[in-house]
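Sequence plus predicted model, see below.
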Amino acid sequence: MEFTKMHGLGNDFIIVDNMEEALQERVLAELAVQLCRRGFGVGADGLAILGSSRKASFRMRIFNPDGSEAEMCGNAIRCLARYARERCLTDEDTFFFETGAGLKQVWLSMEGTSVRLVKVDMGEPILDRDKVPINVPSLRAVNEKIEAGGEELVFTAVSMGNPHCVIFVSSLDTYPWQELGRELEGNPLFPNRTNVEFVEAISRGEVKVKVWERGVGPTLACGTGACAAAVAGVLTGRMDRDAAVHLPGGTLNISWAEDGKVYMEGPAEEVYEGRVNV
């Protein structure tokens, strides 16, 4: 099977073109487990499948290294957008993807025939407790309390098509975010498990974020997590609606616009092409 390795700010993916539906549904989860395992497979944070769609130009499906399927992935959709455009699967600079979180529009900034940046309409953030979902008595989980590591933490829950638990901290330098992220991922408050973002506000327009990704673990970047962090910052009064979100792998520009939608812009890079026995 042929594949392409790509990454968005170090959040890396195995890209597989399944437009002809050569890969059957029943093998996708197992394939993700096999290929994403570092040291034994190709190694990646996820398997990104590019497929055909009756609703959009393409369909995106994302499988985590544990075989679970994610509803949405901001870094992966940028990678797939660049992949599709540079391989002439479309000649458009703006088009739609069908995802598990609905239709998502992308805009490509071109330099000749190369994609420089990809902007994504990530949709409106989901805050309703039943749709995140999260088991809390209030209609929205903003500045709610949760226990982890033997202490009480304050968090805000946001879904960008997938659930996020956002926790603001004074400094990320010595904060035990990996231990707490591992514990919080499966907290009973989140029936579908959750991604966890630990956020340090630098200013009203700039934050640093570290991410514990559901089904993956620590990642260098997370597009939906960057969006969730920015939304949580606005909801808790810490941030303005436009922000530079610094992740270990690089920076994403996030805007929670007046139309209610969140827009994300950032790069996507191709690393290599390969062939693997499956």
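Structure's in. What do you need?

Contacts only, for the closest residue to A230 other than its chain neighbours.
Spatial nearest neighbour of A230, chain neighbours left out: I254 (4.2 Å); criterion: Cβ to Cβ, 6 or more residues apart in numbering. To be clear about C-beta, it is placed using only N, CA and C from the backbone, and glycine gets the same treatment. I254 makes contacts with 226-227, 229-230, 242-245, 262-264, as judged by Cβ atoms under 8 Å, 6 or more residues apart in numbering.

out of these, which are buried?
Those of the contacts of I254 that meet the buried threshold are 226-227, 229-230, 243-245, 262-264, by 16 or more other Cβ atoms under 10 Å.

if I read this right, M110 contacts D91, doesn't it?
No: here M110 does not reach D91: they are 11.2 Å apart, not a contact under Cβ atoms under 8 Å.

between these two, which one's more packed in?
Taking neighbours as other Cβ atoms under 10 Å, M110 and D91 compare with M110 leading, 12 against 7.

How about residues contacting the helix or strand hosting the more buried one?
Applying DSSP states H and E as the criterion places M110 in strand 102-111. Contact with strand 102-111 is made by 55-56, 60, 72, 77-78, 81-82, 85, 93-97, 115-123, 161, as judged by Cβ under 8 Å, 6+ apart.

Of the residues you listed, keep whichever come out buried.
Applying 16+ other Cβ under 10 Å to the contacts of strand 102-111 flags 56, 60, 72, 77-78, 81-82, 85, 95-97, 115, 117-123, 161 as buried.

Mind jotting down where the helices sit in the chain?
28-36, 74-86, 177-185, 223-235 (DSSP state H).

can you tell which of those is closest to S171?
When those are compared by Cβ to Cβ, helix 177-185 sits nearest S171, at 10.9 Å.

From the contact counts, what lies against the closest one?
For helix 177-185, the elements it packs on are strand 144-148, strand 195-203, strand 206-213, strand 217-219, judged by 3 or more Cβ pairs under 8 Å, 6 or more residues apart in numbering; DSSP states H and E.

can you pull the buried residues of the last one?
Applying a neighbour-count criterion of 16+ other Cβ under 10 Å, the buried positions in strand 217-219 are 217, 219.

So what are the sheet partners of that strand and their directions?
Partners of strand 217-219 in the sheet, by DSSP bridges, are strand 206-213 (antiparallel).

Touching the strand it pairs with from outside, list them.
For strand 206-213, the external contacting residues (Cβ under 8 Å, 6+ apart) are 45, 64, 172, 177-178, 180-182, 184-185, 195-202, 218-219, 221-222, 225-226, 229-230, 233, 239, 243-248.

Could you pick out the buried ones from those residues?
Buried among these by 16+ other Cβ under 10 Å: 45, 64, 177, 180-181, 184-185, 195-201, 219, 221-222, 225-226, 229-230, 233, 239, 243-248.

Now do the contacts for N75.
Neighbouring residues of N75 by Cβ under 8 Å, 6+ apart: 7-9, 11, 13, 221-223, 266, 268.

Please parse this structure into its domains.
2-123+266-275, 144-259 (automatic domain parsing).

Now do the shortest one, average pLDDT.
Spelled out, it's domain 144-259. Computed over domain 144-259, the mean pLDDT rounds to 97.

ok so, going back, and the residue nearest to A230, what are its bridge partners?
Using DSSP bridges, the beta-bridge partners of I254 come out as A243, M264.

All further residue positions should be reported with the first residue as 32.
Okay, residue one is now 32; in that scheme the one you just asked about reads as I285.

Against E100, how distant is it?
Look at I285 and E100: by Cβ to Cβ, to the nearest Å, they are 25 Å apart.

contacting residues around stretch 171-188?
Contacts for stretch 171-188 (Cβ under 8 Å, 6+ apart): 158-160, 163, 165, 167, 169, 194-199, 207, 210-211, 214-215, 218, 220-221, 225, 263, 266-267.

Okay, and which of the residues you listed map to strands?
The subset of the contacts of stretch 171-188 located in strands under the criterion DSSP state E comprises 194-199.

Q65: neighbour count?
Neighbours of Q65 (other Cβ under 10 Å): 17.

residues near V302, how many?
Number of residues near V302 (other Cβ under 10 Å) recorded here: 12.

in terms of contact, does it touch G39 like I think?
No: using Cβ under 8 Å, V302 makes no contact with G39, being 11.4 Å away.

Tell me the residue in this protein that is farthest from the middle.
Taking Cα atoms, centre = their mean as the measure, the residue most remote from the mean C-alpha position of the chain is G181, 28.5 Å away.
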